[in-house]
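Everything below, folded, please.
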Amino acid sequence: MPALETIGRHQNAVLWAVSTSYSDSGRHKVSAAAAVTVRWESGTDEALDANGNTIAIDAKVVLNQSVAVGSIMWLGALADIASPPVDLMEVVVAKSTPSLKNRHTRYTVLLKRYSNTLPEIAS
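Just a heads-up that it's a prediction; the model follows:
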């Protein structure tokens with residue numbers, strides 16, 4: 001039987017991980033699109049960001065890898081991305097929870113709506 005931390009991810013999503021480089025306008029660049037398998041729960045909620053401010057949350061996503069705050073995600077398969085992409089979401093809170101025996105880790109991110117313009121792709 002699979003570990004509880006790794007089951008339940010049956011949806012496709014696309015991840016543009018935030019990069020350490022910046023564009024000419026001073027915004028973070030993102031890496032090329034990558035397909036990930038997730039458990040995506042849409043719905044409105046509130047959470048605290050890293051600065052203690054209350055922010056609106058539009059989705060909660062469980063996945064099998066660590067994702068940095070500022071990354072961009074989209075629900076759907078990599079082959080189905082529209083040009084330009086729409087309904088993009090930005091990671092605003094990222095957390096990880098190890099299993100009791102520390103063999104597996106469950107990664108959870110909270111997302112808020114982002115514009116329909118993807119940040120510059122890092123080369």
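
what comes into contact with the helix or strand of the chain with the lowest mean pLDDT?
Using mean pLDDT, DSSP states H and E, strand 18-22 stands out as the lowest-scoring helix or strand of the chain, at a mean of 85. Contacts made with strand 18-22 from outside it, assessed by Cβ atoms under 8 Å, 6 or more residues apart in numbering, are listed as 28-31, 68-72, 91, 122. Placement of C-beta: from N, CA and C, glycine included.

Next, format those as CSV and append distance to residue 54.
Formatted as CSV, the contacts of strand 18-22 follow (distance: Cβ to Cβ, whole Å):
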residue, distance to residue 54
28, 23
29, 29
30, 26
31, 30
68, 22
69, 16
70, 19
71, 21
72, 22
91, 17
122, 31
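
Which member of those is positioned nearest residue 113?
Nearest to residue 113 among the contacts of strand 18-22: residue 72, at 11.1 Å, using Cβ to Cβ.

quick one, what contacts that closest one?
For residue 72, the contact set (Cβ under 8 Å, 6+ apart) comprises 15-16, 18, 30, 88-91, 114, 118-119.

Any chance of a PyMOL selection covering the buried ones in those?
A single PyMOL command selects the buried members of those (16 or more other Cβ atoms under 10 Å):
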select buried, resi 15+16+18+30+88+89+90+91+114+118+119
